[in-house]
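Colleague: what follows is a predicted structure for the sequence shown.
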Amino acid sequence: MTHNQFDNKSQAWSALFSEPMSELVKRYTASVHFDKRLWRADIAGSLAHAEMLRAQDIISSEDHRAIDEGLRAVAAEIEAGQFEWKLDLEDVHLNIEARLTQIAGNAGKRLHTGRSRNDQVATDVRLWLRGEIDQISDLICHLQTALLDVAEQNIDVILPGLTHLQVAQPVSFGHHLLAYVEMFSRDGERMREVRYRTNQLPLGSAALAGTSYPLDRERVARTLGMVDGKGQAQLCQNSLDAVSDRDFAIEFSAAAALCMVHISRFSEELILWMSQNFAFVKIADRFTTGSSIMPQKKNPDVPELARGKTGRVVGHLMGLMMLMKGQPLAYNKDNQEDKEPLFDTADTLKDTLRIFAQMIGGQINPATGLAEGGISVNAETMELAATRGYATATDLADYLVKKGIPFRDAHETVAKAVKAAIARKVELSELPLESLQQFNPLIENDVYEVLSLRGSLQSRDLVGGTAPNQVRLQIARHRERLQRQSGVGPASTARPVTT
Ligand code: ARG
């Protein structure tokens, strides 16, 4: 084996230094314990770089072969759990390069030609994040499908729609769930847009100023799939920006944080609906936990934790913004701190989306072979709750408007009717016709249809409204959209897709 600079001195830049790095500083500056998870991206980037170096006659075919085989051997070792990660070698890049050089000798030492860890790590993080975004996009689609399935089963189930947490107007429970489908569809759209700006190649920027070797950056970009919808290579266009930019990480974190915020809103509703005071839904036992002291308890730990984890993901976004704030060009070691928040953001979001898709949509129970919804809806209780609280008062006002009364007057008239109903402890629909006519003589027997929950729903028959007819149309539209998206596949939509 040839001499390896990594063997006898533990640092890649040792020749200049007259004493070894202090142990404490070594631990403080090392990132290998967390950035080793970038190994696939790191090897993919190195394979593409080496292939281009050969194509440009910067290294020989023999050296390229040795590097290529060596990197594949390293990958196999890591995959098999046989790779020894060394803290002394600081990070994933130096660990892999050192092992490659042990395997491939001098050829391994040629790999870093025209490259710096600065453009290398920026490339690795982008490649890794692209893969995460693709998984997240799929999971967002799964969650939407689960919500659509439950919405479809509950088009005609009536929920008291709330504003200020007070009973406002009756809505279809399906319609309510579709509100979340809208939120998650925007999350999916944002992920696709972030993917576009993530999928751009820093390699070739070297340390900060570019390189004097005749690198073919387009070739590397194409090899790594960093291309737009037309197959055009996507290159970072300024070397200083390329090595120091982490906008894509911040944008991703912002998109992830917003998605978690949506999940936290849904979580809050599930928690309320599951409480005895509402009793609108049940969450399957496999998604709930008991109490160690109160035997009767079933707690919605999953939505509660999701609500809590939202804070953590929003915190990572803040952390990343602060990390970049005030950083001078170009690369600074600060940037090494981008990884842990980014990794944790992707992990937390993926786990949360996965568990929510299962909890909402349920799965096939292997014991019975039957599809089991993770949440079951207590339609009667929901509807009963909607009959309380004068949810159709607006409908009565609208009824009077249709008889020619100005809306403000109608509003006032209905307020009086509600007051009378409260005094008698009855609902509006329980007031006899003669009583209602005392508020306005134009009121006729057909008012009772208007005061019914179903009549109220049906009357909101316009785009975006809660009429079951409209809910059905929306479900069909979403299903068609999701079909189209999965047909295209997140991996091949390099350009932002606007739906
Ligand atoms: N581990 C470093 C990081 O994650 C790699 C880049 C190091 N570059 C340097 N000039 N020290 O950012």
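Modeller: Ah, there it is.
Colleague: in the helix or strand Ser253 falls within, what's buried?
Modeller: Here Ser253 sits within helix 247-274, counting by DSSP states H and E. For helix 247-274, burial by neighbour count (16 or more other C-beta atoms under 10 Å) applies to 248-264, 266-267, 269-274. Using the backbone N, CA and C atoms, a C-beta is placed for each residue, glycine as well.
Colleague: beyond the regular element (helix or strand) spanning His33, next helix or strand please.
Modeller: Using DSSP H and E, His33 falls within helix 32-35. Elements were assigned by DSSP H and E; along the chain past helix 32-35, the next helix or strand is helix 39-55.
Colleague: is the ligand contacted by the helix or strand where Asp149 lies?
Modeller: Here Asp149, judged by DSSP H and E, is contained in helix 117-153. Yes. Using C-beta under 6 Å from any ligand atom, we find that helix 117-153 touches the ligand at Arg117, Asn118, Val121.
Colleague: which one of those is nearest Ile355?
Modeller: Nearest to Ile355 among the residues of helix 117-153 next to the ligand: Val121, at 31.4 Å, using C-beta to C-beta.
Colleague: the closest one and Leu94 touch, don't they?
Modeller: No. Contact criterion C-beta atoms under 8 Å: Val121 and Leu94 do not qualify, at 10.9 Å.
Colleague: which one of those two has more residues nearby?
Modeller: Shown here are Val121 and Leu94; by other C-beta atoms under 10 Å, Val121 has more neighbours (26 against 20).
Colleague: leaving out the residues flanking it, which one is nearest to the more buried one?
Modeller: His93 (6.6 Å; C-beta to C-beta, 6 or more residues apart in numbering).
Colleague: near the one you found, how many other residues are there?
Modeller: 25.
Colleague: buried ones in the host helix or strand of Leu240?
Modeller: Per DSSP H and E: Leu240 is located in helix 239-244. Going by neighbour count (16+ other C-beta under 10 Å), the buried part of helix 239-244 is Ser239, Asp241, Ala242, Val243, Ser244.
Colleague: show me what contacts the last one?
Modeller: By C-beta atoms under 8 Å, 6 or more residues apart in numbering, the contact set of Ser244 is Leu208, Gln327, Leu329, Ala330, Tyr331, Asn332, Asn335.
Colleague: do I have it right that Leu148 meets Val181?
Modeller: Yes. Assessed by C-beta under 8 Å, Leu148 is found in contact with Val181 at 6.3 Å.
Colleague: who touches both of the two?
Modeller: His478.
Colleague: neighbouring contacts of stretch 349-358?
Modeller: 132, 135-136, 139-140, 142-143, 145-146, 256, 259-260, 263, 266, 287, 302, 306, 309, 313, 374.
Colleague: repeat that for stretch 211-219.
Modeller: With contacts defined as C-beta under 8 Å, 6+ apart, stretch 211-219 is touched by 51-53, 55-56, 58, 113-115, 201, 203-205, 233, 235.
Colleague: out of these, who's the most crowded?
Modeller: In the contacts of stretch 211-219, the most neighbours by other C-beta under 10 Å go to Ser205, 32 neighbours.
Colleague: would you check that that one makes contact with Asn118?
Modeller: Yes. Assessed by C-beta under 8 Å, Ser205 is found in contact with Asn118 at 7.3 Å.
Colleague: common neighbours of these two, please.
Modeller: Shared contacts of Ser205 and Asn118 (C-beta under 8 Å, 6+ apart): Val243.
Colleague: near the ligand, which residues of the chain? Just list them.
Modeller: Within the chain, the residues that sit near the ligand (C-beta under 6 Å from any ligand atom) are Ser31, Asp35, Asp91, Arg117, Asn118, Val121, Tyr331, Lys333, Asn335, Gln336.
Colleague: and Thr145, how far from Ile475?
Modeller: Thr145 sits 11 Å away from Ile475, going by C-beta to C-beta, to the nearest Å.
Colleague: neighbour count: the two, which is higher?
Modeller: Shown here are Thr145 and Ile475; by other C-beta under 10 Å, Ile475 has more neighbours (21 against 18).
Colleague: and the more buried one, what helix or strand is that in?
Modeller: helix 468-488.
Colleague: and that helix, how far out from the chain's middle?
Modeller: Offset of helix 468-488 from its chain centre (C-alpha atoms, centre = their mean, to the nearest Å): 20 Å.
Colleague: residues of it that come out buried?
Modeller: In helix 468-488, counting by 16+ other C-beta under 10 Å, buried: Pro468, Gln470, Val471, Gln474, Ile475, His478, Arg481, Leu482, Gln485.
Colleague: and what of stretch 400-416?
Modeller: Those would be Leu400, Ile405, Ala410, His411, Thr413, Val414, for stretch 400-416 by 16+ other C-beta under 10 Å.
Colleague: before we move on, the earlier item: identify, from the buried residues of helix 239-244, the entry nearest to Ala104.
Modeller: Using C-beta to C-beta, those come closest to Ala104 at Val243, 26.4 Å.
Colleague: quick one: contacts for Leu53?
Modeller: Contact analysis of Leu53 by C-beta under 8 Å, 6+ apart lists Ile59, His64, Arg110, Leu111, Thr113, Gly114, Tyr213, Leu215.
Colleague: Phe34: neighbour count?
Modeller: With other C-beta under 10 Å as criterion, Phe34 counts 15.
Colleague: that one touches Phe343, doesn't it?
Modeller: Yes. Assessed by C-beta under 8 Å, Phe34 is found in contact with Phe343 at 6.8 Å.
Colleague: so which of the buried residues of stretch 400-416 sit within strands?
Modeller: Judged by DSSP state E, the buried residues of stretch 400-416 include no members of strands.
Colleague: and which of the residues you listed is nearest the ligand?
Modeller: His411 (62.0 Å; C-beta to the nearest ligand atom).
Colleague: spit out the contact partners of the closest one.
Modeller: Ala397.
Colleague: got a markdown table for the contacts of Leu53, with pLDDT and secondary structure too?
Modeller: As requested, these are exported to a markdown table (pLDDT from 0 to 100; DSSP: H, G, I helix; E, B strand; the rest coil):
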| residue | pLDDT | secondary structure |
| --- | --- | --- |
| Ile59 | 98 | coil |
| His64 | 98 | helix |
| Arg110 | 98 | helix |
| Leu111 | 98 | coil |
| Thr113 | 98 | coil |
| Gly114 | 98 | coil |
| Tyr213 | 98 | coil |
| Leu215 | 98 | coil |
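Colleague: quick one, which of the residues you listed are buried?
Modeller: Taking 16+ other C-beta under 10 Å as the criterion, what is buried in these is Ile59, His64, Arg110, Leu111, Thr113, Gly114, Leu215.
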